[in-house]
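In: using only what follows, build the 3D model:
(chains A and B)
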There are 2 protein chains.
Amino acid sequence: MFTMSQASLPVFEIGLNALSGVLDKAAAYAAAKKVDPSVLMGWRLAPDMYALGRQIQVTCDLAKSSARLAGVEPPKFDDTETTIEQFKERIARTIGFLKTLDGKAIDASSEREITFPLGQNKGQMTGCDYLNHFVLPNFYFHLTAAYAVVRNFGVDVGKRDFIGAIPLKLI
Amino acid sequence: MFTMSQASLPVFEIGLNALSGVLDKAAAYAAAKKVDPSVLMGWRLAPDMYALGRQIQVTCDLAKSSARLAGVEPPKFDDTETTIEQFKERIARTIGFLKTLDGKAIDASSEREITFPLGQNKGQMTGCDYLNHFVLPNFYFHLTAAYAVVRNFGVDVGKRDFIGAIPLKLI
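Out: Residues are numbered from 1 along each chain as shown, chains lettered A, B, ... in the order given. The predicted structure is shown next:
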């Protein structure tokens, strides 16, 4: 069995929890170095790339955009976070929201046309294309960018911190 | 219909083609700035992160690791690339290899235990977990890292260059 809910909900939950753990390590690093957390949240890899705080917001927004597959319009979160605790709270709120979605409705959305806001336009894709070619690549893009900003900042995190608690057996 | 081959093969092909396009822009930028391409391929976001060249190699390797889902051991590519053309060739070779895989065999691998090398150990996961929680997150990690290195280097690429030729209709 391979379902759309399986390829989305646990993927987002694991990734978001991992991001929360990366933020914990980043917060500890900033505290140890006596760096103001706002410097960390404002760090970026290039002048015209999002800063860490915005990367986190968008990662959350991409995860909750999967709600459209369940026929639910994703809730708008205000982008008012400034402290690390608040960003972690947004992540937790996103995970909480994902848990309210009906997995069976997501599974049934493969052929359905999904319409979604895209800049000044609207985008339209079938459910499975929306998941495979829009939500997942964009989610991972911002999740990885957030991790890479933290790494570039100097925090000692590794690939395992990015990957998180996956169902892996070592033999 | 939602299948494992659909959630893997075209995802890798689109992402790898996009990466190849990003490399074209990076090569043009390096030439315009009279920067030796080896400086570009050696660029990294943090001292202990892979340089661009290695990120590209690993992105390709992750994509071809999906062969295990089809019951095929992925071919080992020698890591000898030095020029941008050679890295682009590795990407093209990876896409060519993916086209040889049997989609139906991949689709049937959801419950099968997949065993794969993992550092000094071996990892084991069911087929669907291997795709959702190992191959895809790792593929996107290195694909995004490669893009972010190029962006950090100063090349004028944007999110569309990362996302590539997805089946999106603007309305």
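
In: contacts, neighbours, all on C-alpha from now
Out: Noted.

In: what parts of chain A come near chain B?
Out: Within reach of chain B by CA under 8 Å from any CA of the partner chain, chain A has these residues: A:1-4, A:7, A:11, A:45-46, A:110-111, A:121-125, A:128-129, A:132-134, A:137-138, A:140-141, A:144-145, A:148, A:151-152, A:154, A:163, A:166-171.

In: just the buried members of those?
Out: Buried residues within those, counting neighbours by 16 or more other CA atoms under 10 Å in any protein chain shown: A:2-4, A:7, A:11, A:45-46, A:110, A:123-125, A:128-129, A:132-134, A:137-138, A:140-141, A:144-145, A:148, A:151-152, A:163, A:166.

In: can you give me the offset of the host helix or strand of A:A92 from its chain's centre?
Out: For A:A92, the host element (DSSP states H and E) is helix A:84-98. How far helix A:84-98 lies from its chain's middle: 10 Å, per CA atoms, centre = their mean, to the nearest Å.

In: now do stretch A:107-127
Out: Distance, stretch centre to chain centre, for stretch A:107-127: 19 Å (CA atoms, centre = their mean).

In: now swap in stretch A:96-109 and tell me
Out: For stretch A:96-109, the distance to the chain centre is 17 Å (CA atoms, centre = their mean).

In: how about stretch A:163-171?
Out: The answer for stretch A:163-171 is 19 Å, by CA atoms, centre = their mean.

In: repeat for stretch A:49-63
Out: Worked out by CA atoms, centre = their mean, stretch A:49-63 lies 7 Å from the chain centre.

In: got the buried residues for it?
Out: For stretch A:49-63, by 16+ other CA under 10 Å, it's A:49-63.

In: try stretch A:85-103
Out: Across stretch A:85-103, burial judged by 16+ other CA under 10 Å covers A:87-88, A:90-92, A:94-95, A:98, A:101, A:103.

In: would you list every one of the strands in chain A?
Out: In chain A, the strands defined using DSSP state E lie at A:113-118, A:121-126, A:169-170.

In: residues contacting the residue sitting nearest the centre point of chain A?
Out: Closest to where the C-alpha atoms of chain A average out (CA atoms, centre = their mean) is A:T59, at 3.0 Å. For A:T59, the contact set (CA atoms under 8 Å, 6 or more residues apart in numbering or on different chains) comprises A:138-140, A:142-143.

In: same list, these, but as a markdown table with pLDDT please.
Out: Rendered in a markdown table, the data for those read as follows (pLDDT from 0 to 100):
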| residue | pLDDT |
| --- | --- |
| A:N138 | 98 |
| A:F139 | 98 |
| A:Y140 | 98 |
| A:H142 | 98 |
| A:L143 | 98 |
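
In: hey, C-alpha coordinates of the helix holding A:A92 in PDB?
Out: The C-alpha coordinates for helix A:84-98 follow below in PDB (Å, rounded to 0.1, in the frame of the first residue of the first chain):
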ATOM      1  CA  ILE A  84      12.800  31.300  18.800                       C
ATOM      2  CA  GLU A  85      10.000  30.100  21.200                       C
ATOM      3  CA  GLN A  86       7.400  31.600  18.900                       C
ATOM      4  CA  PHE A  87       8.900  30.000  15.800                       C
ATOM      5  CA  LYS A  88       8.800  26.700  17.600                       C
ATOM      6  CA  GLU A  89       5.200  27.300  18.600                       C
ATOM      7  CA  ARG A  90       4.400  27.900  14.900                       C
ATOM      8  CA  ILE A  91       5.900  24.600  14.100                       C
ATOM      9  CA  ALA A  92       4.000  22.800  16.800                       C
ATOM     10  CA  ARG A  93       0.800  24.500  15.700                       C
ATOM     11  CA  THR A  94       1.400  23.300  12.200                       C
ATOM     12  CA  ILE A  95       1.900  19.800  13.300                       C
ATOM     13  CA  GLY A  96      -1.300  20.100  15.400                       C
ATOM     14  CA  PHE A  97      -3.200  21.300  12.400                       C
ATOM     15  CA  LEU A  98      -1.900  18.400  10.200                       C
END
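
In: list the helices and strands that helix packs on?
Out: Using 3 or more CA pairs under 8 Å, 6 or more residues apart in numbering or on different chains; DSSP states H and E as the contact test, the elements touching helix A:84-98 are helix A:9-32, helix A:52-65.

In: okay if I get these as a markdown table plus mean pLDDT?
Out: As requested, the helices and strands packed on helix A:84-98 are exported to a markdown table (pLDDT from 0 to 100):
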| stretch | mean pLDDT |
| --- | --- |
| helix A:9-32 | 98 |
| helix A:52-65 | 98 |
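
In: turn these into JSON lines, including distance to B:L23.
Out: Converted to JSON lines, these look like this (distance: least, CA to CA, whole Å):
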{"stretch": "helix A:9-32", "distance to B:L23": "28"}
{"stretch": "helix A:52-65", "distance to B:L23": "24"}
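
In: that concludes my questions; thank you for your assistance.
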